[in-house]
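Trainee: no FASTA, just this:
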């Protein structure tokens, strides 16, 4: 899929390259960008050939946050951001971050330049974040007299202690990618985060897609471990579904023979 705001390119190896394409505005979030990101998440979630996703921004920044002026100039104003389709858990604005958690395959955000407000919340919706050491990150909504409301309650508590989350949210201060790593906002840093993300995605794509998807589901449904009984049961259920399956046998065969594995795409 390619449109005015978001491009999706899927390689033969199953890596989906999702690019925000609004470099002139540091990939700021106007309504077409919201719509493009939602469509992109839906597309890669529905495609069984996708084994890993890399999400990044064109130009100098990952995403500079909400383009407030564009919404204020529109007839609907910012009201569209809080609209929620019937039956959906997340509203329109929340979906650009939350919907990445619904993608069965791992999502890796490659962060460079500015990653502010809604842009940071999009990155937090990914499973893994690789940031340039000099990138700039901020939970910036306090600057505009607002609270962060794009799914951050579902992502940040898994990464930061509550006092650190409050300090960053109350102050809106900008931290570097290096400090973000020390705090837990990002997974690791790299001088070229996109190259590092693509390399990791290729490594993941070479593993059993059944096992990778099951592992994402296992952690997403059980972390941080408030229901040990349910978590242990889910471990057993997922493992039972993998043992003896074609892709699990292919992994064992490859491990014993030293030959590259050949996996089939998931059927569900």
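Mentor: Done, it's in. None of the values given here were measured: they were computed from a predicted structure.

Trainee: I'd say residue 39 and residue 6 touch.
Mentor: Yes: at 7.0 Å, residue 39 and residue 6 qualify as touching, with contact defined as CB atoms under 8 Å. Where C-beta positions appear, they are placed from N, C-alpha and C, glycine not excepted.

Trainee: Show me which of these two is the more surrounded one.
Mentor: More crowded of residue 39 and residue 6, by other CB atoms under 10 Å: residue 6, with 27 against 16.

Trainee: ok, so what distance separates the more buried one from residue 29?
Mentor: 11 Å (CB to CB, to the nearest Å).

Trainee: cool, residue 131 as well?
Mentor: For residue 131, the distance to residue 29 equals 19 Å [CB to CB].

Trainee: for residue 120, same thing?
Mentor: 11 Å.

Trainee: Now list whatever residues contact both of those two.
Mentor: Residues touching both residue 120 and residue 29 (CB atoms under 8 Å, 6 or more residues apart in numbering): residue 65.

Trainee: Strands of the stretch 51-200 of the chain, residue ranges please.
Mentor: Taking DSSP state E, counting those that start in this stretch as the criterion, the stretch 51-200 of the chain contains strands spanning 52-57, 107-111, 114-116, 128-131, 136-138, 175-176, 188-189.

Trainee: nearest spatial neighbour of the most centrally placed residue in the chain, skipping sequence neighbours?
Mentor: The centroid of the chain falls nearest to residue 126 when counting by CA atoms, centre = their mean (1.9 Å). Counting by CB to CB, 6 or more residues apart in numbering, residue 109 is the residue found nearest to residue 126 once chain neighbours are left out, at 3.8 Å.

Trainee: So that neighbour sits against residue 137, correct?
Mentor: No: checked against CB under 8 Å, the pair residue 109 and residue 137 is beyond contact range at 11.1 Å.

Trainee: The residue nearest to the centre of the chain: what's it in contact with?
Mentor: 55, 100, 107, 108, 109.

Trainee: Looking at those residues, which two lie furthest apart in space?
Mentor: Farthest pair in the contacts of residue 126 (CB to CB) is 100 and 108. Separation: 10.1 Å.

Trainee: Please enumerate the shared neighbours of those two.
Mentor: Shared contacts of residue 100 and residue 108, defined by CB under 8 Å, 6+ apart, are found at 53, 55, 126, 127.

Trainee: Skipping adjacent residues, who's closest to the last one in space?
Mentor: If the residues on either side of it in the chain are set aside, residue 127 comes closest to residue 106, at 4.7 Å by CB to CB, 6+ apart.

Trainee: hang on, the one you found packs against residue 55?
Mentor: No: Residue 106 is beyond contact range of residue 55, at 10.9 Å (criterion: CB under 8 Å).

Trainee: Below-threshold pLDDT in this structure: ranges please.
Mentor: Along the chain, segments meeting pLDDT under 70 span 1-3, 74-78, 268.

Trainee: 90 instead?
Mentor: The model of the chain has pLDDT under 90 over residues 1-4, 68-89, 224-226, 267-268.

Trainee: Kindly state the domain boundaries assigned to it.
Mentor: Annotated domains of the chain cover 6-205, 208-257 [the TED database].
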